[in-house]
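>>> Test case, fold it:
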Amino acid sequence: MNKPLLATDLQPDDDGPLYVAQKRIYPQSVSGTFRRIKWYLMAFCLGVYYLLPFVRWNRGLGAPDQAVLIDLPNSRFYFFFIELWPQEVYYFTGLLILAAITLFLMNALGGRVWCGYLCPQTVWTDLFYAVERMIEGDRRERMKKAAEGLSMQRGAELVLKHSIWLLIAWWTGGAWVLYFSDAPTLIKDLVTFQAPMIAYIWIGILTATTYLLAGFMREQVCVYMCPWPRIQAALTDEWALNVTYKYDRGETRTSLKKAAQARALGETVGDCVDCNQCVAVCPTGIDIRDGSQLDCIQCGLCIDACDAVMKKVGRETRLIGYDNDINIHRRMEGKPEIFKPVRSRTLVYGALIACVGGIMLYAMLTRSLLDVNVLHDRNPLAVRLSDGSIRNGYTLRFLNKRGFDRVVAVDVDGPPNAIIHVIGTDSITQDRPMIILGRDASTELRVLVTSTTDAELPKSMPITFRVTDIGLGEVAANKDVFVTP
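Residues are numbered from 1 along each chain as shown. Coordinates of the predicted model:
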């Protein structure tokens, strides 16, 4: 008879902890193809982030000349020649959809390419690591200094390192707020302490978060805080290329000396010399030879480290490389490798990107820079005048999205013998009211529509307000209803 399982049987052994203690990671510097790619992308990303607020773009007299600007007081978003209004928030929705699908496509092709090369956490952590190595030395020096404890020289190095870290973090926070106001003006106001308090608050928040996340938490952000590793694991398939240890070549591992002895005896050994260089350079401290892991951001640094060792020992490079288990098993069976970047998954992602991008591009190219919104009066809905005519009141909001004033004519279709009367404006004529709209602004006017027909009107009938730019011929229209009392 089987012994029943007791709760005490599920308790951990007394001779070991339930959780492994977090150890500080000291990544070693490495050079190679993927490290150079990361340097280039880091320089590009940081250059765009820090310098873009200072790029100018001429939009005409009176308009902001900052190329990229989120103008919250005036409810505008400027991106070079594009100007978006709050009513066009669907463009931002489209951009978010495009970003998500592009991330899915990147994962289907090359695994966590975003995490390893383009993620802000990776970029700033790499920058902080570069500062740390410049001041404290490489892996062995940093480990030795950490074990020796604090000294005058060590204290000076720490002060210098953290000062540079804080300077980078401060400029990161400062660059972010420059996207919300004219950059040169805001810098002058910040220096003279005349900037809004909200600017100082956000600079402080972003300085603190950058300093903590890139300087201290580092790989823990990727492992514990970021949801993408869990999501991408559910989205990947067997054909996706990931940073992979090719165990068909590498096993059985042994040192260079023992490998030579084994080969002399006719035994088969792998190319891996068990040097642990792939572990030493990993920013998350994992061993890629243990297989695919949640902690791996697939930055490719282990590929560079392994290639350097393989070149020194005279063996073929790319023992670690972008590969998948399918090709490993095919090589073990003596079959050629197969790569499928074009497959149903990537085709669907590509089609979605093209579809969403095409819709957004079409909407952008065909969008009207003149618009009108109509709101019918609620009380009273309609008024019968002494001469028997019927009057309805409306509130019209005109949107002129161009950078200059323009004259528009207001027409109405629907009620027979309709007369338009615009209240509170010096319209040029009342037969066909013409209104001057200010540049890049909205204008709200009250409009009365009177039907002078003798015929009996229905309880409700459609009415269309049509606004025509006299100079450009641009037309905007909106519909509502004309009500009979």
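>>> ends of stretch 361-377, how far apart?
37 Å (C-alpha to C-alpha, to the nearest Å).
>>> what's that stretch in contact with?
With contact meaning C-beta atoms under 8 Å, 6 or more residues apart in numbering, stretch 361-377 is reached by 82, 87-88, 90-91, 392-402, 406, 408, 465, 467, 469, 474-481, 483. Glycine gets a C-beta too; all of them are placed from N, C-alpha and C.
>>> same thing but 6 Å
Contacts of stretch 361-377 with the rest of the structure, by C-beta atoms under 6 Å, 6 or more residues apart in numbering, involve 393-399, 401-402, 465, 467, 469, 474, 476, 478, 480.
>>> Kindly report the same for stretch 78-97.
By C-beta under 6 Å, 6+ apart, the residues outside stretch 78-97 that reach it are 57, 67-69, 75, 77, 356, 360.
>>> let's see it at 7 Å
Under the criterion C-beta atoms under 7 Å, 6 or more residues apart in numbering, residues 57, 64, 66-69, 71, 75-77, 356, 360, 401 lie in contact with stretch 78-97.
>>> Give me the subset of those that lies in helices.
Within the contacts of stretch 78-97, residues falling in helices by DSSP state H are 356, 360.
>>> Can you flag the buried ones in the contacts of stretch 78-97?
Among these, those classed as buried by 16 or more other C-beta atoms under 10 Å are 64, 66-69, 71, 76-77, 356, 360, 401.
>>> Those residues in strands, which ones?
68-69, 71, 76-77 (DSSP state E).
>>> so which of those would you say is closest to Pro120?
Of all those, Pro120 sits closest to Val68, with 16.9 Å by C-beta to C-beta.
>>> For the closest one, which residues are in contact?
Contact partners of Val68, counting by C-beta under 7 Å, 6+ apart, are 52-53, 78-79, 179.
>>> from the contacts of stretch 78-97, which two are the most distant?
Pro64 and Val356 (28.8 Å).
>>> residues near Ile187, how many?
17 (other C-beta atoms under 10 Å).
>>> SS state for it?
helix (DSSP: H, G, I helix; E, B strand; the rest coil).
>>> Can you tell me which of the contacts of stretch 78-97 lies closest to Pro380?
Nearest member of the contacts of stretch 78-97 to Pro380, counting by C-beta to C-beta, is Ser75, at 32.7 Å.
>>> Skipping its backbone neighbours, what lies nearest the closest one in space?
Among residues not flanking Ser75 along the chain, Pro86 sits closest, at 4.9 Å (C-beta to C-beta, 6 or more residues apart in numbering).
>>> Now do the lowest-mean-pLDDT helix or strand in the chain: distance to the chain's middle.
Here the helix or strand of the chain ranked lowest by mean pLDDT, DSSP states H and E is helix 256-264, holding a mean of 84. On the basis of C-alpha atoms, centre = their mean, to the nearest Å, helix 256-264 sits 51 Å off its chain's mean C-alpha point.
>>> Just checking, which helix or strand succeeds that helix along the chain?
Helices and strands here follow DSSP states H and E; after helix 256-264, the next one along the chain is helix 277-280.
>>> and that following helix, what does it pack onto?
Packing contacts for helix 277-280, counted by 3 or more C-beta pairs under 7 Å, 6 or more residues apart in numbering; DSSP states H and E, involve helix 301-312.
>>> what's the spacing between the residue nearest in space to the middle of the chain and Met106?
Taking C-alpha atoms, centre = their mean, the centroid of the chain lies closest to Ala99, which sits 6.7 Å from it. Noted for Ala99: a distance of 11 Å to Met106, by C-beta to C-beta, to the nearest Å.
>>> just to revisit the earlier point, just the ones in strands among the buried ones among the contacts of stretch 78-97 now: which is nearest Arg154?
Val68 (42.7 Å).
>>> would Lys458 count as being in a helix?
Actually, residue 458 is Pro rather than Lys. No - checked against three-state DSSP, Pro458 lies outside a helix; its state is coil.
>>> Give me the number of neighbouring residues for the nearest residue to it once chain neighbours are set aside.
Take Pro458 and drop its neighbours on the chain: the residue closest to it by C-beta to C-beta, 6+ apart is Thr484, 6.7 Å away. Using other C-beta under 10 Å, Thr484 has 16 other residues around it.
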